[in-house]
Every structure is written in structure tokens, then in C-alpha cells.
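1. quick one, structure for this:
(one chain, ligands or ions: 1)
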Amino acid sequence: MQLPRFGKSITTERVPALLEAAEQATAALEARKEELKATMPTAALKQLIELYEEASRNLTLADSIVDALFSIDTNNNEIRNVQSQVNRVSTDISSRLLFFNLTLKSWPVAELRKHSKQLPQYSAWIERLIIYAPYTLQENEERIILYKDSTGDELLRKLYTMITSRYTYTLTVEGEEKTVTRAELGQYAMHAKREVRKAATEAMLVPFTADHAILGEVYQGLVEDWANEHMKLRNYESAIASRHIANQIPPEAFEALKRVVHKNRSLFREYTELKRKALGYEDFTRYDFAAPVPGLPEEIEYEVAKKRVLSVFHSFAPWMASHAEKIFNDGHIDVPPAKGKRSGACCYGMIPGETPVVILNFTGMYEDMATMAHELGHAVHDVLAGKKNTDLTYHPPLVLAETASTFAEAILFAAELKESEPAVRKALLCQRIDDIMGTSLSQMRITEFELKAHELIANGASAEELDVLWAKLQKEDFPTIDYPEKSVYWSAVPHIHQSPFYCYSYAFGMLLVLSLYKRYEDEGAAFVPKFEALLAAGGSAAPAEVLGKLGYDITKDEFWEGAFAVLRKHIEELSTLVE
Ligand SMILES: [Zn+2]
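-> Next up is the predicted model:
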């Protein structure tokens, strides 16, 4: 059977009209630039915001359509041409619209609030401007930072990528020497045999060790630039403070999350002991975290996977299944791998009112079913968020962006677990707990590393001191596992270079969903409409506010403990299967 590809509605034919509409809205807004004053009537401001939104909505849709089409056919010249045209228009219009945001940010807060109160549909967007106002500099200073960044931290990040993406890695696999890329090396790091995983881990460190002095200098430069801009110039309270503001997370919620993860570290230690038994090993080494536990079903047919995912969605809530079905019915899904198609899977939310677009690379592996559930979860989130929101408040904040997708995986996992044989259950549980550990404990450890590294570098620490720090944090999490006194491993983590303090959002997202799942187990059907409201909120309010309205306080340890109650249950079940 042929797997579905995009239908006729995903076409570049729509693009010229969208660009034209964006251009007209931009010109209309520019023509009314003089009206833009803090004391202007709210009704007139509303018209201007609508023009701004109209321009950005049309650009977003044009951009999403060409990007989706490009993803499934990267060698197509016609699509590439349309894409560069969209990029050109988009850059031009974005720079012409810059004045709008900057002017509003420069208004007195009291005036902005007055407008915000009368424009509830835009208030979340206006409130964001108010939050950033104290950290925004004068227009000239902002321009200096903009220009200097392109040859400053942006260049350092680019150099990091250029240096490290040239690396190849040499290892011996079953007597044969191989030289591989980082992606291929990743496969060997999850190999069934420990000696291969060990060889892969050691091979990875070789080029990073050779370039340690250069890479250390790059990271120190990035951290110092971050401190100079965020703390010295913009007056953020701490190195991580600007990330909390971008994530719309109160610092207390982050602290609660960190505390609860620390408190529950012993659960992961317990798990490694069970995994050791499941693998039939004498001991558990640092190379065994990524070891696969055999027993997962090997293959699944597309139609079976689709039916399974939709039925799991349906048993959670009929609306969840019907929103997902719309993606298939509208031909907004592209399923099979193809020549020139990008690897991986994704979902484009498009704009409110448009059916989202999902791209998969379904090869019939069992894991492909979870990926399908994940991306359809994103699509359901987008459909619901698009119902009441305008384009400016449509997208959920980063830490909530994976809520529906991760939840969809969680309910699929629960259903699969319930209906599987014991040997499969053992493998499923190990895979699930590995995933939870990788997205929570490991990502929090990276964040701890950054917090400490930023402090150390401010006091003139050397790259070797960071090596010691990295090793120390590993040992704190797993004291009984043998680990060297220092490690350059941190230098191979792209996120800490590309986007400081980003990694805790992964932990936040995963543990939030597990905590919500615990509520679902406790509350049953009463939870479903709350979850629907959470998704429908989109970006209309900060996470603490949206969740607070549903009775969940993310600044309290108690909320996050729910996630570990779910984990504890998994570990107990695994223990009965292994012992
Ligand atoms: Zn996702």
C-alpha cells in the first residue's frame, strides 16, 4: 500500500497572494506611523495591531508552506526559488516592522497597561512588551549590540559549529576499524554490545580533547559575552534570569523543579540496578546507560499504527482523535521517507484556522508509532490553540510547547504497556525510563553545570576546572558508577554553546507532562476538560497562570512530586518483571 503524501492544498501557488497581502498590510501600517503615540485612542491602536498581525500572519503562512514543501523535497529547484523569494520579502518586511515593537516598548507602562486592559485578545502580547521594557536599552545601544553580535557571540557560535562539524570519529567495531560521522557514532553509542558503546564514547572525546584549548576559549568567550550583555548592560538579576523571562517561568518554579529532581535522584539509581539485571550484566558501567534492553516489537504496519494511535487518542477524549483525523482527511500529512526528504519528523502549526501540517518518515519500526503520536499531539495542540487565539498569542510558550506531544506519547505508552507480554513490557519500561532520565535528570545536570560554569568563568576559571566540574556532577548523580576525575564531555554539548540554559525546558516539559499524567490517573474524566483548556490557551498567558487556573501550582514541590510518583510506579513494575 502506498503511504500518503501531501494533498493538493499544500502548494506554492498560494504564496504570491500571501506575500502581496503581507506587503499591503505593512505599507498600510507604515502610512500610519505618525499616529503611534502612547496617548492615542485604543480603538486606533487596535487597528494598527491588526495590520501588524495581518502582515506577520501572511508571512508565517507563506513561510510554513514553503518550508514544509522544502522539507519533503530539498532538491526541488522551483521550491527553493520560491523559498528564497519568501525569505527576501520576509527579511524586508520584518525590518520595516521593527519600529512598531520598539515604539510600543518605549511607552510608559501605565499607558500600555491601559490599552492592554481594553484589548483582552492582545493583552498577553502587550504584557510581554511590558516585561521586556526594563531590560531593553535605547535604540542606538540596541543597534550597537545588534551589529557587534554578528561579529561577536554569533561568530563564536558559528566557529564552534564549523570546528566541531568537521570532526570524524574512528573506532573499532568487531575487529574492523571504522571512521564515522557524529550521527553514525550516536548509533554505535546505543549498540547492544558494551565494548562497542565504550569505543564510541571514547572515540567521541578524541577530537574534543585535541581541540580542548580552542574550544575552551570559545566557551569562555560565549559565557563572558552573555554575562556582559545580560547582567552588566541589561541588568538581569542573574545569568539564568533572562532565560526564565523568555520561558515565562517564575524562578521559584525552576527552583522547585530542581529541588524535586535532586530529591528523587535515588529512583534513577534504583533503576540502573534493575537495568543491570534486565541486561544480565555483572556490573553497571557508565557505558550502559544507553544500552538497549531487547524485547521490543520489531515492526508495525502504517495502517495498524495509525489505527492504534487514533484509538488511544479516542479513549482519552473523542476530540483528541477527531482533531488528529482532520490532518489525514485534509491531506496535511506526508508519511513515507523519500529521496531528498529531510530525516526526522515535525509538525507545522501554520496559523490559527489553518489545518496543521505533519511530516513523518515512517519506515515501519515500532518507534515510528510513538513518533506519529508525538507529532499528531502537536497538531491537536495547534488546532485547539488556534480556536480562540489571534496570531500574536497563538503559539504556546516554549516550556508548554511539548505538552500535547509528550502527553500523547504517555497515553500510547500506557496503552501499549497494558496490552503487552511480560518480555515486551520489560523492554518498554526500560525504554520509557531511559527516555525520562535523559530528558529530566540529564538535562537538569547540564543546567547545573551551566549555572556553576558561568559563576566559575566570571572568576577566571580555566577549561580544566570545567572538566572537573562536569565529572563531579556525574558522580553526584551516580556515586557508585566509576567515572574519571575530569572529562571534556561538556565541550561536546551543542546546546550550552548555542543557547545557554535552554536544556532545563526539556526537563520542565517532560516532568510537567508526567505530573499532569498523575493528575489524569487521580482525577479520571474530570481531568480531560482541564487538559483541553490548557492546550486551547496557546500563548494567551504564562504557564504558571494557565496551570494555576486549573488548580496546579508549579511553584510547589508537591506538583512536581506527581511526576516521580509515575516514575516510581514504572520502577516497581519493572522490578517485579526483573526479579
Ligand atoms: Zn515535539
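
2. so which residues of the stretch 301-450 of the chain form helices?
-> Using DSSP state H, counting those that start in this stretch, the helices of the stretch 301-450 of the chain run over residues 302-316, 318-329, 366-388, 403-418, 422-439, 441-458.

3. if you compare those, which one is most tucked away?
-> helix 366-388 (a mean of 23; mean count of other C-beta atoms under 10 Å). Using the backbone N, CA and C atoms, a C-beta is placed for each residue, glycine as well.

4. what's the angle from that helix to helix 403-418?
-> 140 degrees (axes from the mean of the first three to the mean of the last three C-alpha atoms, to 10 degrees).

5. wasn't Ala541 part of a helix?
-> No. Per DSSP: H, G, I helix; E, B strand; the rest coil, Ala541 lies outside any helix segment and is coil.

6. tell me the contacts of it?
-> Shown in contact with Ala541 (C-beta atoms under 8 Å, 6 or more residues apart in numbering): Ala124.

7. before we move on, which element is the nearest residue to Lys549 once chain neighbours are set aside in?
-> Distances taken as C-beta to C-beta, 6 or more residues apart in numbering place Ala533 nearest to Lys549, at 7.6 Å, with adjacent residues excluded. Applying DSSP states H and E as the criterion places Ala533 in helix 527-536.

8. next SSE downstream of that helix?
-> Beyond helix 527-536 on the C-terminal side, the first helix or strand identified by DSSP H and E is helix 543-549.

9. which secondary structure elements does that following helix contact?
-> helix 527-536 (3 or more C-beta pairs under 8 Å, 6 or more residues apart in numbering; DSSP states H and E).

10. contacts for the helix it packs on, please.
-> By C-beta under 8 Å, 6+ apart, helix 527-536 touches 316-317, 319, 380-381, 384-385, 387-388, 400, 403-404, 407, 516, 519-520, 523, 546-547, 549-551.

11. need the helices for the stretch 101-250 of the chain, in chain order.
-> Using DSSP H, counting those that start in this stretch, the helices of the stretch 101-250 of the chain run over 109-118, 123-132, 139-150, 153-165, 182-188, 194-210, 212-227, 241-247.

12. average pLDDT for the first one?
-> What that stands for is helix 109-118. In this model, helix 109-118 has a mean pLDDT of 95.

13. show me what it is packed up against.
-> Packing partners of helix 109-118 (3+ C-beta pairs under 8 Å, 6+ apart): helix 42-72, helix 123-132.

14. what comes up buried for the shortest one?
-> It stands for helix 123-132. Judged by neighbour count using 16 or more other C-beta atoms under 10 Å, the buried positions of helix 123-132 are Ser123, Ala124, Trp125, Ile126, Glu127, Arg128, Leu129, Ile130.

15. again with the first one
-> Buried residues in helix 42-72, counted by 16+ other C-beta under 10 Å: 45, 48-66, 68-72.

16. okay, angle between the helix or strand of the chain with the lowest mean pLDDT and helix 153-165 too, please.
-> When the helices and strands of the chain are scored by mean pLDDT, DSSP states H and E, helix 139-150 comes last with a mean of 84. Orientation check (the same axes, to 10 degrees): helix 139-150 against helix 153-165 gives 20 degrees.

17. quick one: distance of helix 139-150 to the chain centre.
-> Distance of helix 139-150 from the chain centroid (C-alpha atoms, centre = their mean, to the nearest Å) equals 28 Å.

18. follow-up on the earlier one: and of the buried residues of helix 123-132, the nearest to Thr209?
-> Nearest to Thr209 out of the buried residues of helix 123-132 is Arg128 (C-beta to C-beta; 43.1 Å).

19. now tabulate the helices of the stretch 101-250 of the chain in CSV and tack on distance to Ser311.
-> Below are the helices of the stretch 101-250 of the chain laid out as CSV (distance: least, C-beta to C-beta, whole Å):
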stretch, distance to Ser311
helix 109-118, 44
helix 123-132, 35
helix 139-150, 50
helix 153-165, 42
helix 182-188, 32
helix 194-210, 37
helix 212-227, 48
helix 241-247, 35
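
20. weakest of those helices by average pLDDT?
-> Ranked by mean pLDDT, those end with helix 139-150 at the bottom, a mean of 84.

21. picking that back up, could I get the buried residues of helix 123-132 as TSV with distance to Asn81?
-> Shown next, in TSV, are the buried residues of helix 123-132 (distance: C-beta to C-beta, whole Å):
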residue	distance to Asn81
Ser123	40
Ala124	37
Trp125	34
Ile126	38
Glu127	40
Arg128	35
Leu129	36
Ile130	41
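
22. of all these, which comes closest to His262?
-> Using C-beta to C-beta, the buried residues of helix 123-132 come closest to His262 at Arg128, 31.4 Å.

23. low pLDDT regions in the stretch 1-150 of the chain?
-> Across the stretch 1-150 of the chain, nothing is flagged by pLDDT under 70.

24. repeat that for the stretch 201-350 of the chain.
-> Along the stretch 201-350 of the chain, no part satisfies pLDDT under 70.

25. contacts made by the host helix or strand of Leu516 with the rest, please.
-> In this assignment (DSSP H and E), Leu516 forms part of helix 504-523. Here helix 504-523 makes contact (C-beta under 8 Å, 6+ apart) with 243, 247, 249, 254, 257, 260-261, 398-403, 406-407, 410-411, 436, 439-441, 443-444, 447, 527-528, 530-531, 534, 552, 554, 559-567.

26. now, of the residues you listed, which are buried?
-> Buried members of the contacts of helix 504-523, scored by 16+ other C-beta under 10 Å, are 243, 247, 249, 254, 257, 260-261, 398-403, 406-407, 410-411, 436, 439-441, 443-444, 447, 527-528, 530-531, 534, 552, 554, 559-564, 566-567.

27. start to end distance for stretch 389-409?
-> 26 Å (C-alpha to C-alpha, to the nearest Å).

28. for Gly460, the count of nearby residues, please.
-> Gly460 has 8 neighbours, counted by other C-beta atoms under 10 Å.

29. could you check the pLDDT of it?
-> 95.

30. phi, psi of it?
-> Main-chain dihedrals, Gly460, degrees, to the nearest 10: phi 80, psi 20.

31. would Arg5 count as being in a helix?
-> No. Judged by three-state DSSP, Arg5 forms no part of a helix; its state is coil.
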